[in-house]
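Undergrad: pasting a predicted model and its sequence here:
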Amino acid sequence: MLKRQPLQFYSEPLPGVDVSELHGKLIVIEGPDAVGRSTQIALLRQWLEQEGHAVFETGMARSALAGKGIKMAKEGNTLGPITMTLFYTTDFADRLENEIIPALRAGFVVLIDRYIYSIMARAIARGEDRRWIEQVAGFALTPHAVCYLRADVQTLVSRVVLGRGAFDYWESGMDLRFGPDMYESFVQYQKRLIKALESMVEPHGFKVVDANQPIDRVFRELQRQIARLMPRRVKRRPAARKAKSA
Amino acid sequence: MPLFVPNRFRGKLIVVEGIDGSGKSTQLSLLSHWLRSQSYAVAFSEWNSSPLVRQTTRRGKKKEMFTPTTFSLIHATDFADRMESYILPMVKAGAIVCADRYAYTAFARDVARGVSRRWVRNLYRFAIRPNIAFYFRVPLDVALGRILGGRDALKYYEAGMDLGLARDVEESFRIFQGRIIDEYEAMAHEMGFHIIDARLSIEDQQRRMREIVTNVLGDSLKNEVRRLAGGEIHAQAATAPVL
């Protein structure tokens, strides 16, 4: 998978899509579990809408087609790694074709909570072949920006313990059977995920944001990255200054 | 990159391919009875039958939600589940797995739907290579005659109605299945299909299949495949799980 201009297909054009008709912005927030992606996306959405941009937001397992099926499959104990990868890819394809592309056609800013990179990282963390999953996900559009929230495993642990208060089976990679302890498994699994995501930083041109910082500082950095991509502001006040005063 | 993963295990994998109405399922059923009668451990896997995925597929079909890409992906997901939780463990354990349709179905059908050939082949690279792949070659009219005789209506996706090939379901089915046949024929040599003339009598086709199984698997059938000892009850015979 090579770096390309925004809104091009990586390797497999989807039938029936003319990329020259896509006028919106595709912005991806990536990062490991519990790094604070959804908090940041909520803040970004509010800010972008205040600036006069129409925002469409989506994330993993939210497709009309496969969202429910994935949730049900995760409740059982038989979901294998390849099946999981392909189920999430189906979910992504459904959202890409039926939500993301139409929104881009209509000129929306599309904010995505985890893209193919997380699907790929999870597959790689489970020992799947990197080239296989890169090609499988090759029908994805290249985003205008991939903001990667980088954090240490211990930061993630803090956010789980202080925030949610419990470790999740899949976020702890319990299916990999590192051992019976969820905390230790979480640490091992997230390290693998982070390693896989880090390996994509350069080839996919991730914009790295230090997510060990407090929420407002992460937000300001994201704003700065994203403000650059916006065509023109509806309001005259510069985005960065406005956020500081807020 | 290789198409499939070589089968280095004790068990064997036999698959049947062909369009609807080619008679492949009947033949596979007869073949499995024959193998069971010789005390071999036999397992079955049917296309589109994963308990994890089936509901999603059913929902998508009912509501006509699929595009060629998502149609392809959900079937690959279904296949992956059967591969990971059933076919592979069974082959490793020394059973003969009989699969009614395999990755080749996707290679033919998804490509006939406009999905890239290279992409769909890569999609199934995790599959194990069958020991024998039978292809049931049948003229379109013969297959159509068998299907129309047996069922009330042709189904939406089976007839390729999602492609807008024709307004009439039967006409659309004819065009779409014709394209699928072209894809099967185009890959037959490359994939090493054993071609069965599906116009022959059921008995003649079955005789041919058994000959091929004997020739291709040879001694590995007797030496490697798990067999039940003399007095043991063949627990699977009546209640083989269909996955």
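TA: In hand now; what should we look at? Numbers count the residues shown, from 1 in each chain, chains lettered A, B, ... in the order given.
Undergrad: buried residues of stretch A:104-114, list them for me.
TA: A:104, A:108, A:109, A:110, A:111, A:112, A:113, A:114 (16 or more other C-beta atoms under 10 Å in any protein chain shown). Glycine gets a C-beta too; all of them are placed from N, C-alpha and C.
Undergrad: closest to chain B out of the residues you listed?
TA: residue A:104 (16.2 Å; C-beta to the nearest C-beta).
Undergrad: which SSE is the closest one in?
TA: Element membership of residue A:104, judged by DSSP states H and E, is helix A:101-105.
Undergrad: could you point out which element follows that helix?
TA: Next element after helix A:101-105 (DSSP H and E): strand A:109-113.
Undergrad: any residue of the next helix or strand after that following strand touching chain B?
TA: Using DSSP H and E, the helix or strand that directly follows strand A:109-113 along the chain is helix A:116-125. No. Helix A:116-125 lies apart from chain B when judged by C-beta under 8 Å from any C-beta of the partner chain; the minimum separation is 10.8 Å.
Undergrad: is any residue of the very next helix or strand once past helix A:116-125 near chain B?
TA: Once the chain leaves helix A:116-125, the next helix or strand it forms, by DSSP H and E, is helix A:130-136. Yes. Judged by C-beta under 8 Å from any C-beta, helix A:130-136 comes into contact with chain B through A:131, A:132, A:135, A:136.
Undergrad: surely the last one meets residue B:124?
TA: It stands for residue A:136. No. Using C-beta atoms under 8 Å, residue A:136 is not in contact with residue B:124, being 10.0 Å away.
Undergrad: for the chain, which segments count as helices?
TA: Just so you know, I chose chain A. A:37-50, A:67-75, A:81-95, A:101-105, A:116-125, A:130-136, A:153-159, A:182-201, A:215-227, A:239-245 (DSSP state H).
Undergrad: hm, I was asking about chain B
TA: Here chain B has its helices, by DSSP H, at B:24-37, B:54-62, B:68-82, B:88-92, B:103-112, B:117-123, B:140-150, B:169-191, B:202-224, B:236-239.
Undergrad: where does pLDDT dip in the chain?
TA: No chain in the question, so chain A it is. A:1-3, A:232-246 (pLDDT under 70).
Undergrad: ah, I was thinking of chain B
TA: B:149-153, B:230-243.
Undergrad: in space, not sequence, find me the middle residue of chain B.
TA: The centre of chain B sits closest to residue B:101, judged by C-alpha atoms, centre = their mean, with a distance of 0.8 Å.
Undergrad: doesn't residue B:20 make contact with it?
TA: No. The criterion here is C-beta under 8 Å, and residue B:101 misses it with residue B:20 at 10.1 Å.
Undergrad: up against chain A, what does chain B have?
TA: So chain B meets chain A at B:1, B:50, B:52-53, B:55-56, B:59-60, B:65-70, B:73-74, B:76-77, B:80-81, B:83-85, B:114-116, B:118-119, B:122-123, B:125-126 (C-beta under 8 Å from any C-beta).
Undergrad: the same query, at a cut-off of 7 Å, please.
TA: Within chain B, the positions adjacent to chain A are B:52-53, B:55-56, B:60, B:65, B:67-70, B:73-74, B:76-77, B:80-81, B:84-85, B:114, B:116, B:119, B:122-123, B:125-126 by C-beta under 7 Å from any C-beta of the partner chain.
Undergrad: closest to chain B out of the residues of helix A:130-136 next to chain B?
TA: Distance to chain B, by C-beta to the nearest C-beta, is smallest for residue A:135 among those, at 4.5 Å.
Undergrad: ok, that closest one - how many residues close by?
TA: For residue A:135, the neighbour count with other C-beta atoms under 10 Å in any protein chain shown is 21.
Undergrad: burial check on the residue nearest to it when sequence neighbours are not counted, number of neighbours?
TA: Nearest non-adjacent residue to residue A:135, counting by C-beta to C-beta, 6 or more residues apart in numbering or on different chains: residue B:122, 4.5 Å away. Residue B:122 has 22 neighbouring residues, counting by other C-beta under 10 Å.
Undergrad: likewise for residue B:57?
TA: Residue B:57 has 23 nearby residues by other C-beta under 10 Å.
Undergrad: with adjacent residues omitted, what lies nearest to it?
TA: Leaving aside its chain neighbours, residue B:57 sits nearest to residue B:74 (5.3 Å; criterion: C-beta to C-beta, 6+ apart).
Undergrad: what sits against the one you found?
TA: Residues in contact with residue B:74, defined by C-beta atoms under 7 Å, 6 or more residues apart in numbering or on different chains, are A:90, B:53, B:56, B:57, B:60.
Undergrad: please redo it, this time with the cut-off set to 8 Å
TA: A:65, A:66, A:90, B:53, B:56, B:57, B:60, B:66 (C-beta atoms under 8 Å, 6 or more residues apart in numbering or on different chains).
Undergrad: and the third one, how far is that from residue B:124?
TA: Pointing back at residue A:90 there. Plainly put, residue A:90 is 14 Å away from residue B:124 if you go by C-beta to C-beta, to the nearest Å.
Undergrad: buried residues in stretch A:46-65?
TA: Buried-residue list, stretch A:46-65, by 16+ other C-beta under 10 Å: A:47-48, A:51, A:53, A:55-63, A:65.
Undergrad: just the endpoints, please. Distance across that stretch?
TA: End-to-end distance of stretch A:46-65 (C-alpha to C-alpha, to the nearest Å): 28 Å.
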